[in-house]
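Visitor: Got a predicted structure plus its sequence, pasted below:
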Amino acid sequence: MRRYDAGFAALCAGVLLIALPLSAHHSFAAEFDGNKPVRLQGKVTEMEWINPHAWIHIDVVDPDGKVTNWMVECGPPGILIRRGFTKKSLEVGTEVIAQGYQAKSGDFRANASSITFKDGRRLFVGGSNPDLQENQGKH
Amino acid sequence: MIGSRTRALPGRAPLYLSAEGVQMIRLACGLRRCGLPTLMFLLAVAGAVTIPSAGDAASPKSGTSAAVKAWTPPKTSWGDPDLQGMWPGTDLLGTPLQRNPNLGTRALLNDEEYAQKEARTKRAADTENQAYDKPGEPVSTGSPIWWLERGKPTRQASLIVEPPDGRIPPLTPEAIKLGEARDAKFHLTYGVERKVHGSNDSWIDDVLALVEPYESNLYDRCISRGVVGSILPGEPGGYNLGNQIMQAPGLVVIRYEMIHETRVIPVDGRPHVGSGVRTYMGDPRGHWEGNTLVVETTNFLGGKLGLLSHGGGTPYSEDLVLTERFTRVAENTLNYEAMINDPKTYTKPWKIAFPLHLNPNYQMVEYGCHEGNYALEDILRGAYAERTAAERVGKAAK
C-alpha cells in the first residue's frame, strides 16, 4: 500500500525547492519540447544500457487500443550501477509510468523527469538491485 | 564499440532499499576520506596545494600540525610512487570553480557557511532517496535530481586558488578581439547573433546557427572535454566524475570517466612531439619530483575548448602550457593541482587545486558515447522540424 503522510508531503514539497539544474550532457531545451508534456504508462519492452544516457522502451496503449513504442531517456549507466540498479532490476513486461516532455522532432521519445512503478515507487532510488543483501527476502 | 544493449531480464520484481541500504550504498559510493583537520595538515605538510594557511582558515583547529610525521607513499615494483586507483571527484560537487567575490581572498568557508552547505547537500540527498513520487507533481524539462552524485562537501570556497581572489584573471585584449571576430564572422555567415561564445569550429557553428540559442559543443558531441574540463565537476551539479590512474614502467595513464578520454603520459624523459602536432588533449610529459608526479602538457589545439567544466568557456590558445602536480599525501588522498599558463588568452597564470579521495569501490563503465548519443540526433531533428514549420507558416503568410 502506498504510504502517504504529512512528512512525506513535506518531503515532496521540498523537491521543488531544491531541484537544482544539473550540468547535463546536453541541452534538454534543445531536445525536448516544453509545450508537449507527456505522461506515459506502459510495459517495458527493452532497456538500452548506453552512454551518454540509458533509454527505456515502453509499449503505450492509447484509448483506441493502438500500441506505440516510446523511448524514454534515463541517467547514465554508470550512475544507475553506482545506485545499485542493474540489468536484472527491470524486467520486460514491468509496468512503469514516465512523465516528461516529448522530443521536438515529434518522434515517440521523451525525457523522464520521473519514472515510477504503478504504485508510485520511484525507479533508480537507492538501489533496486535484487542482488544486494539488504534486498534479499523483501519481495 | 557499442554500449551493452540488453533486454531487461525476466525475474524478480524490482525492489527499493531501506534507509540502511541506502546508507550502505552511499558508503560504497565514495564517502571514504580523512577529516578536515587531518586533510588541512596533510596539505600543509605536502606543500603541494596552495590552500590558505592557518591564519586564513576559519577553523581554529588547522594550525596544530607540528609533531606528526609525513606519510610516505607506497612504491610500485619498479620504484615509482604508486598513485594507482580510482580517485573520483565526487566530493568536489558544490564547490564552485570561481569564488564568490564577497569572500574576497578567503579561500575556506567559515563554520556557518560550511554548515549551510552541508545542510543543503543533506536536503538534496534526502530528496534523491525518496522512494515515492507524488502523483500530479509538475515535472521539469531538465535532468532529474536522481542523476546527481555527491560526496562530502568541502570547505574550499573555490577550486581556483591562484590568484588569491580565486577568480579567473581578465582576458588579454588579444583574446577579447579574437572572440569578437569569431562572433562577427558567425553573424555574417548565418545572419543570427551568436549567443554561445567560444569555439571556433565550423561544424559547431552550423549546429549553433540551426538551434540557436542552444549550445552544442565538443562535449555534446562526445568528442572531448579537454584536460581541465575532464577533471572539474559540473556546476552546479554533475555526475560521472570518475578518475582512474594506472602505471607501468615509464608510463602513467589517467582515465576520465565521462566522454572516454584516456591520457597516456610518458615519464621516461622523452621530449615533446614537434610543434606541428596538435590535439584536444595536448601532448603530456611527466617526471617525478620527490613523490610528486609533475605533468607538463603542450601542443594543444587552440581556439577549440575552454578551461571550464566540460571544456566550456573562452577557448585557450595553442600556446597553453598546463602544469599538473599529483601528490599522494595519504593512503586515501591525492592532491591535484593544475597551473594554467596561456599568456595569449589570460593576463596572468591561474591555478586550480583540490584533493581527490581514493574509492576502490567506484565503478566506471565503458563510455562508448557517440554511438548511443541519441540526444544530438534529437536536437538536430527537432531543429529541422521547427525550421520547416516556420517556413510553412512563412509561405502561408505570403
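Guide: Yep, that arrived.
Visitor: all contacts plus neighbour counts: C-alpha atoms, from now on.
Guide: Will do.
Visitor: In chain A, what residue lies closest to chain B?
Guide: residue A:105 (3.8 Å; CA to the nearest CA).
Visitor: neighbours around that residue, how many?
Guide: When neighbours are counted by other CA atoms under 10 Å in any protein chain shown, residue A:105 registers 20.
Visitor: can you count the residues close to the nearest residue to it once chain neighbours are set aside?
Guide: The shortest distance from residue A:105 to any residue that is not its chain neighbour, by CA to CA, 6 or more residues apart in numbering or on different chains, is 3.8 Å, and that residue is residue B:382. When neighbours are defined as other CA under 10 Å, residue B:382 has 23 of them.
Visitor: Secondary structure element holding residue B:382?
Guide: Mapping residue B:382 onto the secondary structure by DSSP states H and E places it in helix B:374-397.
Visitor: I'd like the mean pLDDT over that helix, please.
Guide: Helix B:374-397 shows a mean pLDDT of 81 in the predicted model.
Visitor: Quick one: low-confidence residue ranges for chain A.
Guide: Judged by pLDDT under 70, chain A has its weakly predicted residues at A:1-27, A:125-139.
Visitor: in it, which spans are strands?
Guide: Taking DSSP state E to define them, one finds strands in chain A at A:32-48, A:55-61, A:67-73, A:95-103, A:109-111, A:114-117.
Visitor: Give me whichever of these is most buried.
Guide: Most buried of those by mean neighbour count (mean count of other CA atoms under 10 Å in any protein chain shown) is strand A:109-111; its value is a mean of 28.
Visitor: Determine if any part of that one is in contact with chain B.
Guide: Yes: Strand A:109-111 lies in contact with chain B when judged by CA under 8 Å from any CA of the partner chain; the contacting residues are residue A:111.
Visitor: quick one: contacts of that strand?
Guide: By CA atoms under 8 Å, 6 or more residues apart in numbering or on different chains, the residues outside strand A:109-111 that reach it are A:32, A:38, A:70-74, A:99-103, B:141, B:143.
Visitor: that older thread, I'd like to know which of the strands of chain A is closest to residue B:233.
Guide: With CA to CA, the closest approach to residue B:233 among these belongs to strand A:67-73: 22.3 Å.
Visitor: so that closest one versus strand A:32-48, what angle?
Guide: For strand A:67-73 against strand A:32-48, the angle by axes from the mean of the first three to the mean of the last three CA atoms, to 10 degrees is 100 degrees.
Visitor: if we can go back for a sec, as a markdown table, the strands of chain A with distance to residue B:239 would be great.
Guide: Listed next are these as a markdown table, based on distance: least, CA to CA, whole Å:
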| stretch | distance to residue B:239 |
| --- | --- |
| strand A:32-48 | 19 |
| strand A:55-61 | 17 |
| strand A:67-73 | 16 |
| strand A:95-103 | 21 |
| strand A:109-111 | 17 |
| strand A:114-117 | 18 |
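Visitor: can you tell which of the ones you listed is closest to residue B:302?
Guide: It is, among those and with distance given as CA to CA, strand A:32-48, at 32.7 Å.
Visitor: For burial, what's the neighbour tally of the residue nearest to residue A:80 when sequence neighbours are not counted?
Guide: Once flanking residues are discounted, residue A:80 sits nearest to residue A:124: 6.5 Å by CA to CA, 6+ apart. Around residue A:124 there are 29 other residues, counting by other CA under 10 Å.
Visitor: I figured residue A:124 hits residue A:83, correct?
Guide: Yes: between residue A:124 and residue A:83 a contact is recorded at 6.8 Å, counting by CA atoms under 8 Å.
Visitor: ok so, going back, among the strands of chain A, which is nearest residue B:102?
Guide: Nearest to residue B:102 among the strands of chain A is strand A:32-48 (35.9 Å), distances taken as CA to CA.
Visitor: and that closest one with strand A:55-61, angle?
Guide: When the same axes, to 10 degrees is applied, the directions of strand A:32-48 and strand A:55-61 differ by 100 degrees.
Visitor: who's in contact with strand A:32-48?
Guide: The list of residues contacting strand A:32-48 from outside it, by CA under 8 Å, 6+ apart, reads A:54-61, A:91-104, A:110-111, B:4-8, B:141, B:379, B:382.
Visitor: how about it as CSV, C-alpha atoms only?
Guide: The C-alpha atoms that make up strand A:32-48 are tabulated as CSV, following Å, rounded to 0.1, in the frame of the first residue of the first chain:
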residue,chain,number,x,y,z
PHE,A,32,12.6,18.3,-25.8
ASP,A,33,9.6,20.5,-26.2
GLY,A,34,8.5,22.3,-23.0
ASN,A,35,5.0,22.6,-24.6
LYS,A,36,4.5,18.9,-25.0
PRO,A,37,4.3,17.3,-21.6
VAL,A,38,3.6,13.6,-21.7
ARG,A,39,2.6,11.0,-19.1
LEU,A,40,3.3,7.6,-20.5
GLN,A,41,2.1,4.4,-18.8
GLY,A,42,3.1,1.1,-20.4
LYS,A,43,5.1,-2.1,-20.2
VAL,A,44,8.8,-2.2,-20.5
THR,A,45,10.0,-3.9,-23.8
GLU,A,46,13.7,-3.1,-23.6
MET,A,47,16.3,-1.2,-21.8
GLU,A,48,19.4,0.2,-23.6
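Visitor: Give the pairing partners of it; include direction for each.
Guide: Strand A:32-48 has its sheet partners listed here by DSSP bridges as strand A:55-61 (antiparallel), strand A:95-103 (antiparallel), strand B:5-6 (antiparallel).
Visitor: Quick one: the strands in the stretch 251-398 of chain B, in order.
Guide: Assigned by DSSP state E, counting those that start in this stretch, the strands in the stretch 251-398 of chain B fall at B:251-256, B:262-266, B:283-289, B:292-298, B:321-330, B:333-341, B:350-357.
Visitor: what helices or strands is the last one leaning on?
Guide: Of the remaining helices and strands, those touching strand B:350-357 by 3 or more CA pairs under 8 Å, 6 or more residues apart in numbering or on different chains; DSSP states H and E are strand B:160-162, strand B:333-341.
Visitor: ditto for the first one
Guide: Under the contact criterion of 3+ CA pairs under 8 Å, 6+ apart, the helices and strands touching strand B:251-256 comprise strand B:243-248, strand B:262-266.
Visitor: for the longest one, same thing?
Guide: Counting contacts by 3+ CA pairs under 8 Å, 6+ apart, the secondary-structure elements packed against strand B:321-330 are helix B:36-46, strand B:292-298, strand B:333-341.
Visitor: could you point out which element follows the first one?
Guide: Following helix B:36-46 in sequence order, the next helix or strand is strand B:85-86 (DSSP H and E).
Visitor: counting contacts, what elements does whichever helix or strand comes after that following strand pack onto?
Guide: Per DSSP H and E, strand B:85-86 leads on to helix B:111-128 as the next helix or strand towards the C-terminus. The helices and strands touching helix B:111-128, judged by 3+ CA pairs under 8 Å, 6+ apart, are helix A:6-18.
Visitor: got a list of what the closest residue to residue B:373 other than its chain neighbours touches?
Guide: In space, not counting the residues next to it along the chain, residue B:373 is nearest to residue A:52; the distance is 6.1 Å by CA to CA, 6+ apart. Each residue near residue A:52 by CA under 8 Å, 6+ apart is listed here: A:25, A:76-77, B:259, B:367-370, B:372-373.
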